[in-house]
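Trainee: I would like the atomic coordinates for the input below:
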Amino acid sequence: MAGSELLPLEDARARILEDVLPLRPESMPLSEALGHVLSEEVTALLTLPPWDNSAMDGFAVRSEDVATASPEAPVNLAVVGEVAAGHEPEASVVPGTAMRVLTGAILPPGADAVVKVEDTDAPAGLAELPQVVAVRAAVAPGKDVRRAGDDMHQGDHLLEAGTRVTPAVVAVVAAAGHARVNVHRLPRIGIMSTGDELTPLGEALGPASIPDSNGESIAAQIRAAGGEPVRLGIAPDDRAVVRERLLEGILAADALVVTGGVSVGAHDVVKEVFREIGTLDIWRVAIQPGKPLAYGSAPRPDGGYCLLFGLPGNPVSSYVTFELIVRPVVRRLRGEDPDGGRLRVRARLADDVRKSAARRAFVRIRLEADAAGGFTARLAGSQGSHVLSALAVADGLAVIPEGQALTPAGTEVEVIRLDVEVTR
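Mentor: Numbering: from 1, shown residues only. Predicted coordinates for the structure are as follows:
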């Protein structure tokens, strides 16, 4: 059961990640796997290139036949045919002969080098096959030849489990001969906003209502982290309604993210509902913004469990706590390193920063390159937990440690970059 003390961020993350395992693997067509994470290593099913081939449009030759060739003294060779990519050579290159080859074509037997067409008297582009070609440059053995297996050999280890499928990964997996891959299922993350004051986007606002920005921002953060948002709508500050909605969400999602209702107000019902339907394992973390953060889990009828996250209602607090706590969980559910994905740099503060001495602060900043090749971190605007305009222009979170209320300008701090995604 959670106590009232403030839990250090590292302890909260470690406690939560103990409960999180990657979602079950599934096989899917490679064409549908973009954005998923490999659940097992990928090895080459074939050798690539499967045979020596030409890296240029030109003529396959025996290098010894053209060892003396130059613009002033070209060597004339009889042309015995042509081979293009996708076709087999119909003849061999013997002493005193050459074969026209196109890029990617199999190197014909007997040849050990390629002379590019620009170093001959043959015209480039579409042209009749000449009977004789004048070679104007000497070439060494292997010149402009791609050797069999230059890229991969059958059985080679290519990619590790935990690798995100990017367009480049799709290319190498396809080239290795795989039509399907084994990946982790994308995590389904339920989102519910709470508060009598919230109105769905596009609907008319009442005299005491505001748009539900948290629902939209959390959905966007889930997508950016590689999950699938499951929208559960807006719940009023009513314990029975919140409970009913969460029980529905448990059946549809791997984790639920609820914004609002987790502090100490008379209408803050979420953490009590967590206790009713499952557990409340963490409440209150020593971070600023985002202290009132609730975590627990609830059982499913199938014997599994659903992770429960209660984030503050203030929009900046909600955004930052998702970044620090929920995003690593989404990454682990996907099969990725929970601590990866964000580039961290060092920067010097351009402004004084004041905060609660007992909590670690995550200050919204703009990074600027300095004359020494490093970074300066300048406050993006007001640091109030309700000020979304500053968050929107921030490209990093400056980490201000516990134990100090004032951090003066010029202090070097760590910055979590929000504008750079690191994958492997």
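Trainee: Surely Cys329 is within a strand?
Mentor: Slight slip there: residue 329 is Val, not Cys. No: applying DSSP: H, G, I helix; E, B strand; the rest coil, one finds Val329 to be helix, outside a strand.
Trainee: wait, it sits on Ala255?
Mentor: Yes: applying Cβ atoms under 8 Å as the test, Val329 and Ala255 come out as touching, 6.5 Å apart. Where you see a C-beta, it was placed from the backbone N, CA and C, and this is true even at glycine.
Trainee: so what sits against both of these two?
Mentor: 307, 309 (Cβ atoms under 8 Å, 6 or more residues apart in numbering).
Trainee: where along the stretch 151-300 of the chain do the helices fall?
Mentor: With helices called from DSSP state H, counting those that start in this stretch, the stretch 151-300 of the chain shows them at 167-175, 213-225, 239-252, 270-277.
Trainee: could you give the mean pLDDT of the shortest one?
Mentor: Okay, so that is helix 270-277. Mean pLDDT, helix 270-277: 93.
Trainee: What of the longest one?
Mentor: When pLDDT is averaged along helix 239-252, the result is 95.
Trainee: Off-centre distance for it?
Mentor: Centre-to-centre, helix 239-252 and its host chain are 31 Å apart (Cα atoms, centre = their mean, to the nearest Å).
Trainee: domain ranges for the protein?
Mentor: Under the assignment automatic domain parsing, the domains of the chain span 9-23+186-334, 31-48+151-184, 53-146, 342-421.
Trainee: do you know which of the helices of the stretch 151-300 of the chain lies nearest Glu336?
Mentor: Within the helices of the stretch 151-300 of the chain, the stretch nearest Glu336 is helix 213-225; the backing value is 9.2 Å (Cβ to Cβ).
Trainee: For that closest one, which residues meet the burial criterion?
Mentor: Going by neighbour count (16 or more other Cβ atoms under 10 Å), the buried part of helix 213-225 is 213-219, 221-222, 225.
Trainee: which residues sit against that helix?
Mentor: 189, 191-193, 198, 201, 228-229, 231, 234, 257, 259-260, 311, 313, 315, 318-319, 322-323, 326-327, 330-331, 334, 341, 388.
Trainee: Ala60 - how many residues pack around it?
Mentor: 33 (other Cβ atoms under 10 Å).
Trainee: Oops, could you answer that again for Pro207 instead?
Mentor: Residues near Pro207, counting by other Cβ under 10 Å: 4.
Trainee: circling back to that earlier point, can you flag the buried ones in the contacts of helix 213-225?
Mentor: Buried members of those, counted by 16+ other Cβ under 10 Å: 189, 191-193, 198, 229, 234, 257, 259-260, 311, 313, 315, 318-319, 322-323, 326-327, 330-331, 334, 341.
Trainee: Which members of the residues you listed occur in strands, if any?
Mentor: Cross-referencing the buried ones among the contacts of helix 213-225 against strands under DSSP state E gives 189, 191-193, 198, 229, 234, 257, 259, 311.
Trainee: among those residues, which two are most distant?
Mentor: Maximum pairwise distance among those (Cβ to Cβ): 19.0 Å, between Ile189 and Leu198.
Trainee: Pull out the CA atoms of stretch 243-257 and give them to me as CSV.
Mentor: Provided in CSV are the C-alpha atoms of stretch 243-257 (Å, rounded to 0.1, in the frame of the first residue of the first chain):
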residue,chain,number,x,y,z
ARG,A,243,-15.0,2.8,-11.5
GLU,A,244,-17.3,1.6,-14.3
ARG,A,245,-15.1,3.2,-17.0
LEU,A,246,-11.9,1.8,-15.7
LEU,A,247,-13.4,-1.7,-15.4
GLU,A,248,-14.4,-1.4,-19.1
GLY,A,249,-10.9,-0.2,-20.0
ILE,A,250,-9.2,-3.1,-18.2
LEU,A,251,-10.7,-5.4,-20.7
ALA,A,252,-9.5,-3.4,-23.7
ALA,A,253,-6.0,-2.3,-22.8
ASP,A,254,-2.7,-3.4,-21.5
ALA,A,255,-2.4,-0.2,-19.4
LEU,A,256,-4.7,2.6,-18.4
VAL,A,257,-3.7,6.3,-18.1
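Trainee: Pull out the buried positions in it.
Mentor: Buried positions in stretch 243-257, judged by neighbour count with 16+ other Cβ under 10 Å: 243, 245-246, 249-250, 253-257.
Trainee: check contacts around the closest residue to Val393 other than its chain neighbours.
Mentor: Spatially, and ignoring its direct neighbours in sequence, Val393 is nearest to Ala380 (5.2 Å; Cβ to Cβ, 6 or more residues apart in numbering). Applying Cβ under 8 Å, 6+ apart, we find Ala380 in contact with 364-366, 390-391, 393-394.
Trainee: gap between the nearest residue to Ala137 once chain neighbours are set aside and Arg359?
Mentor: In space, and not counting its chain neighbours, Ala137 is closest to Asp119: 3.9 Å by Cβ to Cβ, 6+ apart. Noted for Asp119: a distance of 70 Å to Arg359, by Cβ to Cβ, to the nearest Å.
Trainee: Equivalent analysis for Leu198, please.
Mentor: Taking Cβ to Cβ, one finds Leu198 at 27 Å from Arg359.
Trainee: Distance check, Ala168 against Leu34.
Mentor: Ala168 is 11 Å from Leu34, by Cβ to Cβ.
Trainee: the more surrounded of those two?
Mentor: Leu34 (12 against 8).
Trainee: right, so the domains of the chain: which one is the most enclosed?
Mentor: Most buried of those, by mean neighbour count (mean count of other Cβ atoms under 10 Å): domain 9-23+186-334, with a mean of 20.
Trainee: what kind of secondary structure is Ala358 in?
Mentor: Classified using three-state DSSP, Ala358 is coil.
Trainee: can I assume it is in contact with Ala286?
Mentor: Yes: with contact defined as Cβ under 8 Å, Ala358 reaches Ala286; the gap is 6.4 Å.
Trainee: so what sits against both of these two?
Mentor: Among the neighbours of Ala358, those also in contact with Ala286 (Cβ under 8 Å, 6+ apart) are 6, 402.
Trainee: which SS state does the residue located most distally from the centre of the chain fall under?
Mentor: Most distant from the centre of the chain: Ala73, at 56.4 Å, with distances by Cα atoms, centre = their mean. Under three-state DSSP, Ala73 falls in the coil class.
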